[in-house]
Structure formats: C-alpha cells, structure tokens
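Participant: When you get a sec, could you give me coordinates for this:
(one chain, ligands or ions: 1)
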Amino acid sequence: MRVWVAGFEPWSRELAARRGTSSSGNGVQALLEFGEREKWGGVRTGEGRQRGCWNAVAAQRGLSEHRWGSLSIQNLRSPTDTHRFAQNFATLDLVTKQLAAMDASSSWVMLAGAVTFLAVVVASLSMLLSGSSGKKKTKPLPPGSFGVPLIGQTLSLLRALRANAGEDWLRHWVTTYGPVSRLSFFGCPTAILIGPSGNKFVFSSGAITPKATESMARMIGRRTIRDVAGDEHRRVRAMMVQFLRPDACRRHVAGMDAEVRRHLDAEWRGRGTVAVMPAMKDLTFDVMCTVLFSLGRDDGENEAVRRVLSAEFQQLVKGISVVPLNLPFTSFNKCLAASRRGRHAVAGVINERRAKLERGENSAVNDVVTHMIAEGLPEEEIIDNVMFLIIAAHDTTAALLTFLIRYLEANREAYDKVLHEQEEVARCKAPEEALSWEDLSKMRYTWAAALETLRLVPPVFSVLRKTTDDIEFGGYRIPKGWQMIQPMSTTQWDPTIFPDPGRFDPARFEDTSAVPPFCFIPFGGGPRVCPGNEFARVETLVAVHYIVTRYRWKLNPGCDGSYARFPLPYPSQGLLIDIEPMHHRQALKQSNA
Ligand code: HEM
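Facilitator: So this is what the prediction gives:
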C-alpha cells in the first residue's frame with residue numbers, strides 16, 4: 001500500500017519506514033510539519049492524527065475548497081487530534097494547490113480514505129447541528145458567524161490588533177452579537193464571552209481548560225504548566241509558586257534592586273533618549289535570569305547563556321500569534337529556529353544544574369530549574385516549562401512598566417503623587433541602601449497607578465481556553481472542543497463598571513476591595529490565576545522607584561505614543577522618551593536660585 005509521505009523531511013522518512021510504506025516527496029511535507037518535537041509526539045501518540053491527515057488529504061482531493069473549509073471545524077478522529085490538526089489548516093490551504101500535481105494513479109487509497117473521512121464528517125456535522133455525544137441538546141449555538149471558510153475572522157481580528165483597533169473590532173462584534181457569541185479564530189470554532197459573569201464562568205467551570213495557539217505550542221512545547229490538568233497541574237504549579245509567592249518575593253527584593261540599578265546605570269545614564277519597551281524587556285529579562293534561574297553575572301558561561309536566551313526570545317515572541325506557516329523565509333520559520341536554539345541553551349543549563357545537584361554543589365531551593373530537577377520532572381517538561389516561564393515572566397511585566405511610564409508622562413497629577421510617594425521612601429534611605437520589603441508596602445499609590453495601567457492596557461489580550469465537554473452559558477450551548485476567548489479590555493473598558501473608562505485614574509484602585517469581582521482580570525482568575533502577580537508587583541515597584549527618583553522624562557517629539565498588539569502591546573518606536581537626570585535638575589534649580 002502506498003501512502004503519501006513527504007520525502008524530504010527526515011522524520012517523515014522515519015515514519016514511512018516504520019509503516020513500511022514508500023515515500024513520495026510533495027507538498028504534504030508542509031502539512032506534516034508539526035515541528036521538531038511534535039514529530040516524536042506524532043509517532044508515539046498521534047497515529048490517529050497522522051491518519052486524520054491522510055484521510056483529510058484524500059478527502060481534500062475530492063472536495064471543493066469551500067467544502068474543505070467547512071470540514072475544518074469538524075472532528076477527524078478525536079477532538080484533541082482534530083483541534084491540534086485544525087491549527088494547521090492554514091498550511092493545508094497552501095498544500096491544496098500542490099495536491100493538484102500529485103500522482104492521480106495511486107489515488108484509490110486516498111479515495112477510500114475520503115469515503116471514510118466523509119462518513120466521519122457527515123456524522124460529526126450532524127452531531128454538531130443536533131447535539132453531540134447523543135445527549136439531548138436544546139440550547140442553540142451562540143449567535144455570530146464563522147466567516148469565510150478556513151480563515152474565519154482570524155485575519156480581520158489580527159489586522160485590527162496590529163493596528164491597535166482590536167478593542168474597536170470587539171466592541172463592534174459585541175454590539176452586533178451580544179455578550180456571548182461565536183466566530184472562527186485560527187481555524188477553530190470559538191466562543192467569545194464578555195463581562196463579569198462570562199469571566200466568572202470561564203474561571204470556575206471544570207469543563208474549560210487552557211489552550212495555547214498552535215504557533216505558541218510549537219515554539220514553547222506541549223508539556224508546559226498550561227497543558228497539564230488536575231493533580232499534575234497542581235504539582236507543576238507548586239514548583240513554580242515556591243519561587244513566586246510573597247515570602248519568596250520578599251527574598252527577591254535585594255536581587256531585583258541590584259538589577260534595576262545596574263540596568264539604569266548601563267542603559268539610561270548619560271543618554272538623552274531611551275526606547276522604553278526594549279529597555280524594559282532587557283530589564284525584566286535580567287531580573288528573571290538572576291532571581292528565578294540564578295544565572296549570576298559573576299560567571300562568563302551564565303552571561304553567555306543569558307545573551308543567547310535574550311536574543312532568541314526577542315525573535316521567538318514575534319511568532320506567538322502568527323499563522324503557523326513553516327516555510328523557508330516565513331517569520332514563523334525564523335521563530336521556530338529561535339525556539340530550537342533557545343531550547344538547546346535551556347537544556348545546557350539543566351545539564352549543568354543536574355551535575356551540580358549530584359555533586360552536592362547546588363540545592364533545590366536555589367532556583368526553579370534545580371527545583372524541577374530535584375522534583376523529578378522529566379527533562380523535556382522542564383525545558384517546556386522554563387520556555388513558558390521566560391515568556392510569561394518578562395514581556396508581560398515589561399509591557400506594564402512601559403505603559404505605566406507612558407501614562408505617568410501624560411498625567412501630571414498622578415505623576416506628582418507617585419513622585420511624592422517615592423521621594424518619601426528615598427528620604428529614609430542611605431544613598432546606596434537597597435529597598436526593603438517594608439519600603440514596598442509604602443508604595444500604595446504607585447501600585448494603584450500600575451493597576452490602572454493594567455486596566456487600560458492589559459498585557460495579555462485574552463486568556464485562550466477550550467471546552468473539554470459540552471457546556472451551556474447565557475442560554476447557549478458551547479460544544480466540546482471549541483476555543484474560548486474573553487478579551488479583557490472589553491470588560492475593563494466597560495463604562496458601567498469603570499466610568500469614563502479612557503481616563504487614567506489610579507484612584508480607582510486605591511481601595512481594591514471596591515472593584516467588583518471578575519471586572520478586572522489582567523492576571524486571569526480561578527485555579528489558573530497568574531502565580532507571578534506578586535513577583536510582577538515587587539519588580540514593578542522596585543523599577544518605578546529608581547526610574548522616578550533618578551529621571552524625569554517626556555515623550556520624544558518624534559514619537560506619537562500609539563501602540564499595536566503582536567499579541568502583546570508594543571508602542572510605536574518602542575516608546576521613545578527624552579530623559580533628564582533628577583540631580584541635574586536639582587543642580588540647575590540651585591544654581592538658578
Ligand atoms: C504584569 C505582569 C503579568 C501579567 C499581566 C500576567 C498575566 C497572566 C495571565 C492573564 C495568565 C493566565 C491566567 C489564566 O489562565 O487565568 C498568566 C498565567 C501565568 N503567569 Fe503571568 N502575568 C504576569 C507576570 C508573570 C510573572 C512575572 C510570572 C513568573 C515569574 C508569571 C507566570 C505565570 C505562569 C506560570 C502562568 C500559568 C499559570 C497556570 O496555568 O497555572 N506571570 N499570567
């Protein structure tokens with residue numbers, strides 16, 4: 001029997017050899033590209049998925065593009081396989097064109113597959129329309145539209161996000177379809193839930209679990225904390241929380257303080273203009289390396305690892321929400337290459353830590369990597385989780401710091417209050433004395449300003465989840481296997497919750513207990529709520545203390561202060577500010593007097 005296997009991918013040849021099939025090089029290669037690690041997952045656990053591919057290919061040859069598009073949301077073999085597979089449909093679309101050139105003489109195998117596939121599809125379609133799993137389903141699907149087959153609303157929403165019009169796009173969508181609606185995003189049927197009750201439902205339902213975009217999963221891995229559930233999730237989360245909970249953060253203050261000072265001395269001192277976002281990314285990256293991974297600065301090897309990781313993650317992060325099209329010269333292809341190099345560097349750190357642990361030169365309490373090794377987490381899982389932590393821990397806080405600097409520049413009253421609060425703290429310190437945990441507790445207004453920034457520009461646009469069972473919400477049925485998104489800013493900009501929502505007003509958060517539940521969700525919620533929120537708070541306060549007490553700043557005239565999402569918010573030109581050292585101003589004041 002002949003099966004279509006891409007000839008030029010070594011792993012495809014391997015797969016072909018295992019199956020005793022011949023290999024024929026053609027465009028299916030792109031279809032099969034699940035990424036370097038995925039190949040082994042595919043061989044070991046994903047036979048159904050691979051078969052799904054063949055069947056799909058066969059079916060494809062007998063169906064029109066439109067039909068194909070509508071099939072993309074149906075089950076192939078199992079919901080999990082289909083879901084992952086569906087992420088590759090954009091790739092399939094390209095492959096479609098090449099399929100036309102395939103050898104028609106051996107298509108009987110494909111046609112047989114097509115018949116099987118069609119039967120599955122017809123069954124799935126009728127299940128989708130009438131209610132799956134044989135259960136009685138009375139509720140309708142949410143209102144909305146799946147848009148153009150395959151593409152759905154993916155391109156239009158991504159385009160809007162990149163033009164900083166994502167919120168408007170969503171507002172329009174919600175006005176049209178209401179707080180519970182459906183669309184198609186990255187080839188998957190997706191329910192959008194807006195508002196506090198939707199947020200509460202998503203955070204508390206046992207039938208909803210996190211999901212990564214296909215591009216994220218292929219770059220970061222499929223065995224992260226986000227991919228595990230139940231006891232396994234609690235176990236991995238506990239390993240991270242060990243280094244993120246308040247008593248741990250208390251120990252991190254001195255390390256963060258040293259990194260912030262070092263950063264300002266190296267990157268800000270003597271400069272007239274600074275690009276804030278790149279600078280804040282460097283800063284939060286360094287804080288994370290020092291505090292969480294113990295990649296100290298006193299060791300040349302550690303310094304080299306830092307540089308590799310920093311460079312690779314700058315590239316990798318660009319691929320989080322792109323269409324996972326792995327063809328030469330696509331941006332996703334570059335991101336995958338960066339991911340491979342990043343993983344290699346992390347694997348090196350794991351080896352070094354494991355050796356030290358065995359020699360008794362390191363202890364599990366030292367850093368999160370050694371802790372995971374000591375807890376017996378398999379190496380691939382450690383790599384995936386470290387990759388995830390790097391993404392989760394540094395770009396988010398960098399976005400918060402960047403936009404806080406922006407809002408303080410534009411809001412004189414808030415700026416004066418923050419400056420006053422920070423100068424009060426500085427007044428009680430010796431010139432080179434590091435901040436303490438107690439100092440941070442005096443920075444209440446500064447943290448309120450940070451929370452207001454998170455309300456206006458949440459770094460994470462939406463938490464992505466999927467249903468693990470059929471669920472009902474707001475009078476609608478959301479079938480098993482659907483994606484769910486809950487864009488944060490739609491709730492956080494709701495004028496009935498936050499009057500005059502576009503105004504920067506830290507007073508809204510001076511008493512956080514006054515904020516109604518599930519209305520302010522920049523850190524997510526429920527059992528998956530961000531465990532790094534205290535870490536982010538401490539890091540933000542330490543950084544703002546030194547920035548505010550050492551520099552004054554204003555937006556560079558060449559910078560308009562706008563921003564776009566990729567998917568994290570990124571200001572145009574990285575937010576260029578002109579800076580002036582505080583002591584310089586004070587000296588000027590004195591000489592003027
Ligand atoms: C301003 C900074 C940050 C923001 C806005 C943020 C936001 C988020 C959000 C929205 C989630 C998903 C929550 C959910 O699914 O309900 C999340 C998860 C997570 N974040 Fe953060 N985060 C920030 C900083 C950090 C930091 C500094 C760390 C680590 C040092 C971190 C580690 C994590 C981890 C490990 C998860 C996964 C939790 C799980 O699935 O159990 N985050 N974060």
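
Participant: So Gly255, which state does it fall into?
Facilitator: helix (DSSP: H, G, I helix; E, B strand; the rest coil).

Participant: What distance do you get for it to Ile471?
Facilitator: 44 Å (C-beta to C-beta, to the nearest Å). Just so you know, the C-beta spots here come from the backbone N, C-alpha and C atoms, and that holds for glycine as well.

Participant: cool, Ile547 as well?
Facilitator: 45 Å.

Participant: out of those two, which sits in the more crowded spot?
Facilitator: Ile547 (26 against 21; other C-beta atoms under 10 Å).

Participant: In a helix, that one, correct?
Facilitator: Yes: counting by three-state DSSP, Ile547 is found in a helix.

Participant: quick one, what contacts it?
Facilitator: For Ile547, the contact set (C-beta atoms under 8 Å, 6 or more residues apart in numbering) comprises 264, 405.

Participant: what stretches of the stretch 1-150 of the chain score poorly on pLDDT?
Facilitator: In the predicted model of the stretch 1-150 of the chain, residues 1-137 satisfy pLDDT under 70.

Participant: Could you rerun that using 50?
Facilitator: 1-135 (pLDDT under 50).

Participant: repeat for the chain
Facilitator: 1-135, 585, 587-593.

Participant: Which stretches in it count as strands?
Facilitator: Applying DSSP state E to the chain gives strands spanning 180-185, 188-193, 208-210, 273-275, 464-467, 471-473, 476-478, 483-485, 551-555, 563-565, 569-571, 576-581.

Participant: what comes up buried for the last one?
Facilitator: It stands for strand 576-581. By neighbour count with 16 or more other C-beta atoms under 10 Å, strand 576-581 contains the buried residues 576-579.

Participant: residues near Glu301, how many?
Facilitator: Counted with other C-beta under 10 Å, Glu301 comes out at 11.

Participant: I meant to write Ala426 there.
Facilitator: If we define neighbours as other C-beta under 10 Å, then Ala426 has 17 of them.

Participant: and it, what does it touch?
Facilitator: Applying C-beta under 8 Å, 6+ apart to Ala426 gives the contacts 545, 549.

Participant: And the one 10 residues further on, by the same measure?
Facilitator: Ser436 sits next to Val253 when contact means C-beta under 8 Å, 6+ apart.

Participant: Kindly provide the distance from the nearest residue to Val369 once chain neighbours are set aside to Thr370.
Facilitator: Nearest non-adjacent residue to Val369, counting by C-beta to C-beta, 6 or more residues apart in numbering: Arg353, 5.1 Å away. Look at Arg353 and Thr370: by C-beta to C-beta, they are 5 Å apart.

Participant: Could you pull out the helices in the stretch 351-500 of the chain for me?
Facilitator: 368-374, 379-410, 412-427, 437-440, 444-456, 488-492 (DSSP state H, counting those that start in this stretch).

Participant: Leu158: which of those is closest?
Facilitator: Counting by C-beta to C-beta, Leu158 lies closest to helix 488-492 out of those; the figure is 16.1 Å.

Participant: Does the ligand have contacts with the closest one?
Facilitator: No: using C-beta under 6 Å from any ligand atom, we find that helix 488-492 stays clear of the ligand, coming within 7.6 Å at best.

Participant: what packs against that helix?
Facilitator: helix 166-177, helix 444-456 (3 or more C-beta pairs under 8 Å, 6 or more residues apart in numbering; DSSP states H and E).

Participant: Taking strand 188-193 as reference, get the angle to the shortest one.
Facilitator: Between helix 166-177 and strand 188-193, the angle formed by their directions is 80 degrees, by axes from the mean of the first three to the mean of the last three C-alpha atoms, to 10 degrees.

Participant: re the thing from before, any chance of CSV for the strands of the chain, columns distance to Lys318?
Facilitator: CSV is the format used below for these (distance: least, C-beta to C-beta, whole Å):
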stretch, distance to Lys318
strand 180-185, 19
strand 188-193, 22
strand 208-210, 22
strand 273-275, 17
strand 464-467, 18
strand 471-473, 34
strand 476-478, 31
strand 483-485, 21
strand 551-555, 25
strand 563-565, 12
strand 569-571, 10
strand 576-581, 20
